[in-house]
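>>> Fold the stuff below for me.
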Amino acid sequence: MLQSHIHQAPYEFFYLRRISMISGNRGNRRENVAVGKTASQSSYVDTSISANNAVDDNTTQLSCILTATNQSYTWWEVDLGEQYFIHEVVIHFRTGWTWRRNGIQVYTSISPQQSNNGQPCGEQISGNMDGSGIPDVPTRTCNVMGRYVTLYQATYNRGTCGDYNCDGTTAMDFCEVLVMACTPNVKYGANCDMNCIQRKCASSSASCDVQTGNCGNGGCRPGYQGLDCTQACASGVKYGSNCIKPCDDRHCAPSGSYRSTCPAATGKCYWGCDPGWKEDDCTQACESGVKYGSNCMKSCDARHCAPSGSDKSTCPAATGKCEWGCTPGWKGDDCTQGTNLLSG
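All right, here's what the predicted structure looks like:
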């Protein structure tokens, strides 16, 4: 009888940790997000055999599913509960009933019970009608966002069991379906081996694209670049948010024969700016006619320039030099030094 071939073994005895067996280090790679989720199927050969048997984390031959025979098509589906970036689907077939493998197609979808209208994951599982040439544990690559994973079968199969023919029709039976995916906002990348928390996004609340780790419109913290903001600026070449500012565009004052380094985050000039420039990275020119000198600390209005007719001297940002000299009692290129002359 069928029940002697398929039954649900005691969970405590057959519970297996397939995540670690399939994925290597669980903390660094893909996770089977189907375990314990709700499954359904189009038909049952026996309603006591639950569709959830295929997501109970038990890959032995003692906890499997079986759809009804003599149907025009059959399907099995698991609801992951939320959308994931699904990398691949791994199927553990029953090893003694190979003629129920040929023709199965794996689909993903955002809406439930899409039958064969979802997004196909790779090619159809195909081989001979008796299932020869089809592995016991095939894998299909998806690389798509989805909430539902569906296995669909509409191929009429027949196999040979000893001295009599075994009619597989469109029935499916398998023991476990693993849906390998990245956990949203925790891991990302082709192998789910990148940690969202290790990105250097400008916003601490930035979303984490499961494929690229993209930080979104907020961009990167100063000193980092790339979609996922994990690449540091090239030392001494670029700096700032997304590394878009060239170090050579700064106007740093030297200290003797030494030029300031270029910190990747700020580009700060450690010994101040050349005359006529200001801000930490010395890239902002003094406001014309208002300030001048190193770090734009001197006021043009504080000079005592001699006029030329009705014209007042301009105020060069670097020096503040008075073009026509100084008014009586003042000296220096910028006419800010008193001469201390005694009057009459």
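>>> could you point out where the stretch 151-300 of the chain is predicted with low confidence?
Residue ranges of the stretch 151-300 of the chain with pLDDT under 70: 159-168, 256-257.
>>> so T230 touches G213, yeah?
Yes. Judged on C-beta atoms under 8 Å, T230 makes contact with G213 at a distance of 7.4 Å. All C-beta spots, glycine's among them, are computed from the backbone N, C-alpha and C.
>>> neighbour-wise, which of those two wins?
Set T230 next to G213 and count neighbours by other C-beta atoms under 10 Å: G213 wins out with 23 against 17.
>>> For the more buried one, which non-adjacent residue is closest in space?
The shortest distance from G213 to any residue other than its chain neighbours is 3.2 Å, reached at D228 (C-beta to C-beta, 6 or more residues apart in numbering).
>>> And for V137?
Excluding the flanking residues, the one nearest V137 by C-beta to C-beta, 6+ apart is H92, at 5.4 Å.
>>> Tell me if that neighbour really is in a helix.
No. Applying DSSP: H, G, I helix; E, B strand; the rest coil, one finds H92 to be strand, outside a helix.
>>> contacting residues for it?
T59, D136, V137, F174, C175, E176, V177, L178 (C-beta atoms under 8 Å, 6 or more residues apart in numbering).
>>> how about a cut-off of 6 Å?
Shown in contact with H92 (C-beta atoms under 6 Å, 6 or more residues apart in numbering): T59, V137, C175, E176.
>>> and if you look at Y148?
Per C-beta under 6 Å, 6+ apart, neighbours of Y148: E77, D79, S109, P112.
>>> now with 7 Å?
E77, D79, L80, T108, S109, P112 (C-beta atoms under 7 Å, 6 or more residues apart in numbering).
>>> Repeat that for T150.
So T150 contacts W75, E77, Y107, S109, Q114, G118 (C-beta under 7 Å, 6+ apart).
>>> picking up where we left off before, so among the contacts of H92, which ones count as buried?
T59, C175, E176 (16 or more other C-beta atoms under 10 Å).
>>> Test my guess that V35 contacts T59.
No. V35 is beyond contact range of T59, at 11.1 Å (criterion: C-beta atoms under 7 Å).
>>> give the contact list for the spatially closest residue to K245 that is not a sequence neighbour.
Of all residues not flanking K245 in the chain, Y239 sits nearest, at 5.2 Å (C-beta to C-beta, 6+ apart). Applying C-beta under 7 Å, 6+ apart, we find Y239 in contact with G223, C233, K245, C247, C262, P263, A264, A265, T266, G267.
>>> Would you mind writing the PyMOL command to select the buried ones in those?
In PyMOL syntax, the buried subset of the contacts of Y239 is picked out as below (16+ other C-beta under 10 Å):
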select buried, resi 223+233+245+247+262+263+264+267
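>>> Sort out for me which of the contacts of Y239 are in strands.
Among these, the residues falling in strands (DSSP state E) are K245.
>>> For the contacts of Y239, could you give me JSON lines that also reports distance to S203?
Output for these, formatted as JSON lines (distance: C-beta to C-beta, whole Å):
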{"residue": "G223", "distance to S203": "15"}
{"residue": "C233", "distance to S203": "19"}
{"residue": "K245", "distance to S203": "20"}
{"residue": "C247", "distance to S203": "26"}
{"residue": "C262", "distance to S203": "25"}
{"residue": "P263", "distance to S203": "22"}
{"residue": "A264", "distance to S203": "19"}
{"residue": "A265", "distance to S203": "16"}
{"residue": "T266", "distance to S203": "19"}
{"residue": "G267", "distance to S203": "22"}
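>>> From L80, how far out is the spatially most central residue of the chain?
The residue lying closest to the centre of the chain (C-alpha atoms, centre = their mean) is G213, at 1.6 Å. For G213, the distance to L80 equals 21 Å [C-beta to C-beta, to the nearest Å].
>>> same thing with V35?
Distance from V35 to L80, by C-beta to C-beta: 10 Å.
>>> do the same with T141
From T141 across to L80, the span is 17 Å (C-beta to C-beta).
>>> who has more neighbours, the two?
Applying other C-beta under 10 Å to T141 and L80 shows that L80 carries more neighbours, namely 19 against 14.
>>> where along this protein do the helices fall?
Taking DSSP state H to define them, one finds helices in the chain at 11-14, 18-23.
>>> pLDDT averaged over the shortest one, what's the number?
Helix 11-14 shows a mean pLDDT of 32 in the predicted model.
>>> And for stretch 85-97?
92.
>>> could you dump that stretch to CSV, C-alpha only?
The C-alpha atoms that make up stretch 85-97 are tabulated as CSV, following Å, rounded to 0.1, in the frame of the first residue of the first chain:
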residue,chain,number,x,y,z
PHE,A,85,15.8,37.1,-3.8
ILE,A,86,15.7,33.4,-4.7
HIS,A,87,19.0,32.1,-5.9
GLU,A,88,18.1,28.5,-6.5
VAL,A,89,15.7,25.6,-5.8
VAL,A,90,17.0,22.2,-4.8
ILE,A,91,14.6,19.2,-5.1
HIS,A,92,15.1,15.9,-3.2
PHE,A,93,13.2,13.2,-5.2
ARG,A,94,12.1,9.9,-3.9
THR,A,95,14.8,7.5,-5.1
GLY,A,96,12.5,4.5,-5.8
TRP,A,97,9.9,6.2,-8.1
